[in-house]
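Q: got a sequence here, can you model it:
(4 chains, ligands or ions: 5)
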Amino acid sequence: MKCFIGIDLGSTTTKAVVMDENGVQLGRGITNSRSNYDTASAVAKQEAWIDTRLTLFRRNLEGEEGLAGEVDRLLDGLERNFRLEQYLEQLDDLQATCLGNAGDLRFHAFRERLEGAVSDTFERLRADAASLYAPGAARKSDFFRDIAGSQYLQVSEPIAEAANVPYDALLNVYDKSIIEVENRPPGGDMDNKFLRALDRELRQLSDLAVERAVIARHITDALAVELEETYVVGTGYGRVRLPFPKEHIRSEILCHGLGAHMMYPGTRTVLDIGGQDTKGIQVDEQGIVVNFQMNDRCAAGCGRYLGYIADEMNLGLHELGPMAMKSTKRVRINSTCTVFAGAELRDRLSLGEKREDIMAGLHRAIIMRAMSILSRSGGVQDQFTFTGGVAKNESAVHELTRLVAENYGEVTINIDPNSIYTGALGASEFARRAVMEAA
Amino acid sequence: MALTAAIDLGTGAVKTVVFRIDGDDIEWLGRRVDRIRNRDPLVLARHGFESVLKQVGVDEQELDYIATTGDGENIPFATGHFFSMTTHARGAIHLDPGTGAVLDIGALNGKAIRVDPRGKVLAYRMTSQCASGSGQFLENIARYLGIAQEEIGGLSKQADDPEQVSGICAVLAETDVINMVSRGISAPNILKGIHLSMAGRLVKLLKVIKVKEGRVLMTGGLAQDEGLVAAINEMLVKQRLDAVTAVGHPDSIYAGAIGAAIWGAFRHEKLRRQGELAKAS
Amino acid sequence: MGIAEIVERCERLHEDIDFTAAREWKAAEPGRRVIGYLPVYVPEEIIHAAGMLPLGITGGGDQMEVIHGDAYYQSYICRIPRSTIELGITGRLDFVDGMIFPSICDVIRNLSGMWKLMFPDKYVRYLDVPQNYRDDIGGEFYRNEMRELLAGLEALSGRRVSDDDINASIRVYNRNRELVRTLYALRSDQPWQVPTTELYLLSRAGLVLPVEEHNQLLEAYLEAVQSEQRPRRDNCRIVVNGSFCEQPPLNLIKSIEMAGCYVVDDDYVQVNRWLKREVPSDGDPFEALASAFLHHSADTAAKYAETEEQVGRQLLESVERNRAEGVIFAAPSFCDPALLWRPMLADKLSRKGIPHISFKYSENAGQMAPIREQAGTFADSLKLWS
Amino acid sequence: MAEDKLKEAVKEPSMILQKELIAGNYEALTSAPETGRKVCSTFVPGNLNELIRCFDMINNLPEINAINNGMRKKTGAMIQDAEKAGHSEDVCTYVKSDIGMMAQGNIAPNGKPMPRPDMLMLSYTGCYTFMKWFELLRHEYKCPTAMLQVPYQGDGRITPEMIRYVVKQLKEEVIPTMERVSGVKFDIDRLREMLKLSARAEDDLVWVLESAKHRPSPIDAYFGAVYYMGPIFTAFRGTREAVDYYVMLRGEIEERIARGQGPITPEGEQKEQKYRLVVEGPPNWTSFRQFWKMFYDEGAVVVASTYSKVGGLYDRGFRHDPEHPLESLAEYCLSCYTNNNMPQRVDLIEQYMHEYEADGFLTNSIKSCNSFAAGELLMMREIEKRTGKPGAFIETDLVDPRYFSAANVKNRLESYFQMIEQKRKGEKSAA
Ligand SMILES: Nc1ncnc2c1ncn2[C@@H]1O[C@H](COP(=O)(O)OP(=O)(O)O)[C@@H](O)[C@H]1O
Ligand SMILES: Nc1ncnc2c1ncn2[C@@H]1O[C@H](COP(=O)(O)OP(=O)(O)O)[C@@H](O)[C@H]1O
Ligand code: SF4
Ligand code: SF4
Ligand code: SF4
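A: Ligands and ions are numbered 1, 2, ... in the order given. Model (predicted):
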């Protein structure tokens, strides 16, 4: 079948959306952006293909009467097992790379012990893998870098101590290796991983009303569907570096506008807060951008700001919002220089302010910046759609909701759980139009 | 004679020292650095202080003056506080009596201080509110490139064609760096580029305070980074300040604490002479 | 009233971004009008004589959340115009009947036109001041400017204002200036008795209160402060320069003192110290005000220094008169007037061997550590080495 | 980098003449020590070139020096030098590049040292910075300084009192200072002669700028106009050379119109004109060609700009008038673009949008220049509201390369052009 792909190469994350010729979204994929843009795009795209296959599986399985009410569970299991397969494969790669890097001259004095520690660490990681992907298990992130990284950090400290090698060295080996691994183009055979995952899954399921072979056939049928990469449109921060000709590239402003319009046709104002830019966009009833504003050369108050805060507090990004929500007192933070965020935090802590209050203040500061940009772009009109990574943050959403109400009265605020894909969605629609409307 | 301890509470690390000072006779008894790494700095300061005292076998009661510097104003058990440029200046003169100026490069700010031979601050300048080109930035990039702190200097010195880091903004510069990697620029050239951009800012500070010749002692943690020292020296030549050389010192990181300890002793003597003898309290 | 009470009153006035005091004044009698003005100086006498309340507006300070104001200004423009716009957009200046934008710099100049576009039904006046100091040239121009201003106010109120009315107002303001001068002299004499935060708050109260009330407040404070002995600290004496328009946050003013500096002169809130001598109140008031402006007014960067010798003369005099040990240049970020002038002033100080340092701030600056660090080092070096 | 790859720029005969004129003035300046002519430094907006020439003085314009240095990429180092000498990062970079240029030996573009000015003519028109700039220069050169305060059009009009004030200053301060410095007696008839020539050149300049009303436009009224403005805004207004230059330029443009040709860019004729824009604010000089390329590559042509009016709003009717020489100089100073208040500026741009049938309005906001920049965001809104055409906002600086982020500017411009395009398509399909 014809597939149209939009890729949004952001400063933090790279997103891909696969769409069919009727404008139906088939799959979405995301990965962290990295220094190799081609790889980042390829990985995001591969993730979107995986998601597309899952959609196709669903379509096939839903047609099977005996499976009514079971499809979700089945697909969830399949995906988890697929991820597990993928994770194990990447762990192997990472381990090999780590062992290579442990050979560095600097570690000469304790090389063998270091290698031992690396191997022990990976052994543990593999042993823990299954539980990471057990039903209902919460993962810190969906990116291999983050999952493996946090596991590695935890596991290796005692191992280092026991093996009498410097913990710093073990971390350094990891830091170096993860970059290499990450920047290798995605490998592995997707179909086989799905089949292996299916195998694992089916072994775990006992109470199915349908023959296993029937399920397997649906899956293999879906895998056999040929997915044609008909047209790709790239957008986002890194788009100029995408390996596409110019006509395949669209401004991220237009893509976000169109994407938001597709999710919520009533949208008139879009706010997108990404890693290092904040955009306020006004669109008309056809999703055409009529006005926009972005932050200037200063990245103060963008998503990366939260990243610095998270680093400073040793927290995951997704933990910041909930912490801020516990605040009971308003702390005013005026400087939103991203780099000084940590200093500001320490300053306030030393003044005796509570963490959650400061945190709420920091979130508020980001949203204040965004409000100014919105005001610059022409204010907030009904309906208002909030997109980008920061829209995942409940405290940011909370502050935004309040400030919008204070300044613009009653306005419908749309936040889609998949809002991070807005730009990629818009891009995929541009790709579809480029072919279908030309025809 | 005065027995003094000093604590320099930084953004990256807490430095604690103990001195016995009798006029010009200055004896360094003990020292300690604790990287903060998300721990509570005040707790860490107390802990560091106690362990140094134990290490040199001095009782807290015996101290004549406990001085703080850096962000240590809130340390409850201190006798007095000195501002960090005052202390870095004095500490630098102690470490290197011939020095004419000090470059203190911390995690967030850089400071240039011109001093006279007695450690008096003659002029100074700090980098501004914007954190571009700070130590923190270097640290982030190094982590991103998977490079350990001690490796930075050595790698930077291998650069053959340093890449210019444009961004005014540290955050956008991060992306700049990522772009560089994607263009295949080598780590040494990237690091050297960052070093040079930092050096540019620092040399500018030196120029503003009118340092025209002599030795500049680098203090603070980044003084250990030989790549940065080299970059600064290159930049000095490039900016027609050939008569100035920047040097590091193995004990650079203690400069602030040393200065605080010496000034503490000085204040103690002064107060004693004025009959207002203040015991550490 | 005791000191604490007076200071607390002023603090409330300072924090009040709704200008409650001025609203109450206006509401007390029908037909009253309030005229807002921006730094650095306007002839308040004329507004006062027209029966109106001159209301000094120096931005929103660190209390205000600026959302819309930022939408009107790029990041490289100082804070005061954006928070002033925010005050306007959020309706906090609705009760103000007119606005005067004096000639201080291009930012406030352009703001006058923006105000016309944004609030088309308000009286808006750009008040040009002379940069030529001859009575027959610059003086004539300025007298005409003041007459036009008065005509505008008369049209607004429908009431004629006589020369006698203005002379009477000049007398009230002469008293105000005298009191403020006394306060400054007292602080210079015994800085531990009059902390700069208090002096500043009192001064600022003059921007938002009727002058008669401000006079009473000043008298009360001067009396109260003399009956109380306050602890004296081992601080050095410095003069602050460059803060004549956008005002620093109170915390910054406090931080300078906490870092070991007694401020013995400054150029915060200038309006009631702009004219340096008593203004004659028995002749042609326009003549008197113009002449005072031309020959006896404060030097700030907003004025042209006719000769090279003129540059920095008042600053040097202040250092000497107040026995200051050094000068702190504290200017708002992106403030062209202050920042363009600073190198010339600094040069004059250096030639006399007067130590000086400089930093920038914004009215909503939150981080005081760098300020303390710099002021503290300055104080340390003055103290340890004198 | 990208700039270096550009080929040698395409030049027309008028362009060559223009360059010769400017070079001639630099030659006159740098040879002043030998020729004994006096040098008068002054500013572009509201400059009194005719008056200066009446005293046989040579006109030196520090802004033009900065532009020249900017285009040759020398200002970055100059600005940094000035900052090292204690000048703030926040202030106008023209001032700093001027000061940095002095520190580097004050070398003119022809490679010879600039003479010290014999006087500073501080015509304080439309910009606060001028005042401190010349105080700084006076601090350096200790030379006679004449201040001419030009009142701001706060209420959007020029009053008789304003004219009187300016004329009085001319008579009692400026002219006596010039007589003293130059040793030449003021001759009002000589001034009248020059003003006649000024008016003639002004007529042709207006014709040139208004030729952009044609479709396709034969000129670029922003990037191209920078060259066209040169002679008249600098040292040549009131001279025969300027008159000749504009006649020649006019001839070239007439030919282009006849052939239906577009503007000449450094890479030759601009063929495609997809977007007609009105631009507010000065250009960036350090990446001038790269900046321009971002426009013509996308098929954008500027049909009117406010920057081309900093040295006089001739297209709104003002002409130097030999019948009332001093009054007309006063009126000229008072009417420069940045001496107009914000409502006037908005009205002007609105008229341009209509008269030149523009598709959009773009602001290049300059970090250095509060005179232009403070309020531009409101202007943009007003114009969008009044014309229904989309506005765009980019931020750069005049001569500070640190503030020109090519990727950023390009991103915004591309988004903007794509937006106009998409909007057009939308309108078409809706219709
Ligand atoms: N799970 C999460 N919870 C909270 N914030 C998140 C989460 N994931 C991402 N973010 C925020 O989103 C930002 C990245 O947003 P994104 O739209 O991906 O940016 P870009 O398009 O520039 O890559 C991060 O800097 C972070 O602040
Ligand atoms: N060996 C080293 N090489 C390079 N950088 C170092 C080294 N040791 C410490 N640093 C850096 O020094 C900084 C801490 O220096 P310090 O002067 O203590 O700063 P602060 O006073 O701000 O805490 C940290 O940013 C750290 O990265
Ligand atoms: S470092 Fe901070 S203040 Fe500076 S430009 Fe970046 S985000 Fe803005
Ligand atoms: S702070 Fe300075 S630049 Fe800003 S409005 Fe006031 S005088 Fe002008
Ligand atoms: S501020 Fe603007 S008008 Fe004034 S000198 Fe600078 S660039 Fe020219």
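
Q: so where's chain D uncertain?
A: D:1-8, D:428-431 (pLDDT under 70).

Q: tell me the residues of it that contact chain B?
A: For chain D, the residues in contact with chain B (Cβ under 8 Å from any Cβ of the partner chain) are D:Gln80, D:Glu83, D:Lys84, D:Ala85, D:Gly86, D:Glu89, D:Arg402, D:Tyr403, D:Ser405. C-beta here means a position set from N, CA and C on the backbone, and glycine is covered the same way.

Q: ok so C:Pro191 is a helix residue?
A: No - under DSSP: H, G, I helix; E, B strand; the rest coil, C:Pro191 sits outside any helix and is assigned coil.

Q: quick one: contacts for it?
A: Taking Cβ atoms under 8 Å, 6 or more residues apart in numbering or on different chains, we find C:Pro191 in contact with C:Asn235, C:Arg237, C:Tyr262, C:Val263, C:Val264.

Q: isn't D:Pro62 up against D:Trp133?
A: Yes - if you go by Cβ atoms under 8 Å, D:Pro62 and D:Trp133 touch, sitting 7.4 Å apart.

Q: intersection of neighbour lists for the two?
A: D:Tyr94, D:Asp98.

Q: now D:Ala82. Its backbone dihedrals?
A: With angles defined as degrees, to the nearest 10, D:Ala82 sits at phi -60, psi -40.

Q: which bits of chain C sit near chain B?
A: Going by Cβ under 8 Å from any Cβ, the residues of chain C near chain B are C:259, C:333, C:357, C:360, C:367, C:369-370, C:372-374, C:376-377, C:379-381, C:384-385.

Q: let's see that with 6 Å instead.
A: C:Glu373, C:Gly376, C:Thr377, C:Asp380, C:Ser381, C:Trp385 (Cβ under 6 Å from any Cβ of the partner chain).

Q: what secondary structure does the fourth one sit in?
A: At C:Asp380, secondary structure determined by three-state DSSP is helix.

Q: which residues are in contact with it?
A: B:Phe83, B:Thr86 (Cβ atoms under 6 Å, 6 or more residues apart in numbering or on different chains).

Q: and stretch D:300-320, which residues are buried?
A: D:300-315, D:318-320 (16 or more other Cβ atoms under 10 Å in any protein chain shown).

Q: hang on, I meant stretch D:236-249
A: For stretch D:236-249, by 16+ other Cβ under 10 Å, it's D:Phe236, D:Arg237, D:Gly238, D:Thr239, D:Glu241, D:Ala242, D:Val243, D:Asp244, D:Tyr245, D:Tyr246, D:Met248, D:Leu249.

Q: do the same with stretch C:227-235
A: In stretch C:227-235, counting by 16+ other Cβ under 10 Å, buried: C:Asn235.

Q: distance from that stretch to the middle of the chain?
A: 27 Å (Cα atoms, centre = their mean, to the nearest Å).

Q: now chain C against chain B: closest residue?
A: C:Gly376 (3.4 Å; Cβ to the nearest Cβ).

Q: tell me the secondary structure for that residue?
A: Once three-state DSSP is applied, C:Gly376 turns out helix.

Q: and if you look at C:Ile354?
A: Applying three-state DSSP: C:Ile354 is coil.

Q: could you do A:Asn291 as well?
A: Under three-state DSSP, A:Asn291 comes out as strand.

Q: excluding its backbone neighbours, what's nearest it?
A: Counting by Cβ to Cβ, 6 or more residues apart in numbering or on different chains, A:Asn291 lies nearest to A:Gln282, which is 4.3 Å off, once chain neighbours are set aside.

Q: closest point of chain A to chain D, which residue?
A: Nearest residue of chain A to chain D: A:Ser251, at 3.7 Å (Cβ to the nearest Cβ).

Q: look up phi and psi at that residue.
A: The phi/psi pair for A:Ser251 (degrees, to the nearest 10) is phi -60, psi 140.

Q: can you lay out the buried residues of stretch D:236-249 as TSV showing distance to D:Glu202 and secondary structure?
A: Output for the buried residues of stretch D:236-249, formatted as TSV (distance: Cβ to Cβ, whole Å; DSSP: H, G, I helix; E, B strand; the rest coil):
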residue	distance to D:Glu202	secondary structure
D:Phe236	12	coil
D:Arg237	8	coil
D:Gly238	10	coil
D:Thr239	13	coil
D:Glu241	14	helix
D:Ala242	9	helix
D:Val243	10	helix
D:Asp244	14	helix
D:Tyr245	12	helix
D:Tyr246	9	helix
D:Met248	16	helix
D:Leu249	13	helix
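
Q: now tabulate those in CSV and tack on distance to ligand 2.
A: Output for those, formatted as CSV (distance: Cβ to the nearest ligand atom, whole Å):
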residue, distance to ligand 2
D:Phe236, 57
D:Arg237, 58
D:Gly238, 61
D:Thr239, 62
D:Glu241, 62
D:Ala242, 60
D:Val243, 65
D:Asp244, 65
D:Tyr245, 60
D:Tyr246, 62
D:Met248, 63
D:Leu249, 60
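
Q: which one of those residues is nearest C:Glu213?
A: Nearest to C:Glu213 among the buried residues of stretch D:236-249, counting by Cβ to Cβ, is D:Arg237 at 56.6 Å.

Q: what pLDDT does the model give the residue of chain A most remote from its centre?
A: Computed with Cα atoms, centre = their mean, the maximum C-alpha offset from the centroid of chain A is found at A:Ala109, amounting to 40.0 Å. What the model reports as pLDDT for A:Ala109 is 88.

Q: who in the stretch 1-150 of chain A is up against ligand 1?
A: A:Gly10, A:Ser11, A:Thr12, A:Thr13, A:Ser33 (Cβ under 6 Å from any ligand atom).

Q: what about the third one, neighbour count?
A: Applying other Cβ atoms under 10 Å in any protein chain shown, we find 19 other residues in the vicinity of A:Thr12.

Q: check contacts around it.
A: By Cβ under 6 Å, 6+ apart, the residues touching A:Thr12 are A:Ser33, A:Gly275.

Q: how much space is there between it and ligand 4?
A: 36 Å (Cβ to the nearest ligand atom, to the nearest Å).

Q: which pLDDT value goes with that residue?
A: 82.

Q: roughly how far does it sit from D:Thr338?
A: Using Cβ to Cβ, to the nearest Å, A:Thr12 is found at 42 Å from D:Thr338.

Q: for the first one, same thing?
A: Taking Cβ to Cβ as the criterion, A:Gly10 is separated from D:Thr338 by 40 Å.

Q: who's more crowded, these two?
A: Legend: neighbour count by other Cβ under 10 Å for A:Gly10 and D:Thr338, higher for A:Gly10 (29 against 21).

Q: what's near enough to touch the more buried one?
A: A:Ser33, A:Gly236, A:Tyr237, A:Gly274.

Q: returning to what we had before: ranking by neighbours, what's the top pick from the contacts of C:Pro191?
A: Ranking the contacts of C:Pro191 using other Cβ under 10 Å puts C:Val263 first, with 27 neighbours.

Q: so the residue of chain C closest to chain B is in contact with C:Ala259, correct?
A: Yes - applying Cβ atoms under 6 Å as the test, C:Gly376 and C:Ala259 come out as touching, 3.8 Å apart.

Q: the strands in the stretch 201-350 of chain D, which residues?
A: For the stretch 201-350 of chain D, the strands defined by DSSP state E, counting those that start in this stretch cover D:264-265, D:268-269, D:275-280, D:300-305.

Q: sweet, I'm off.
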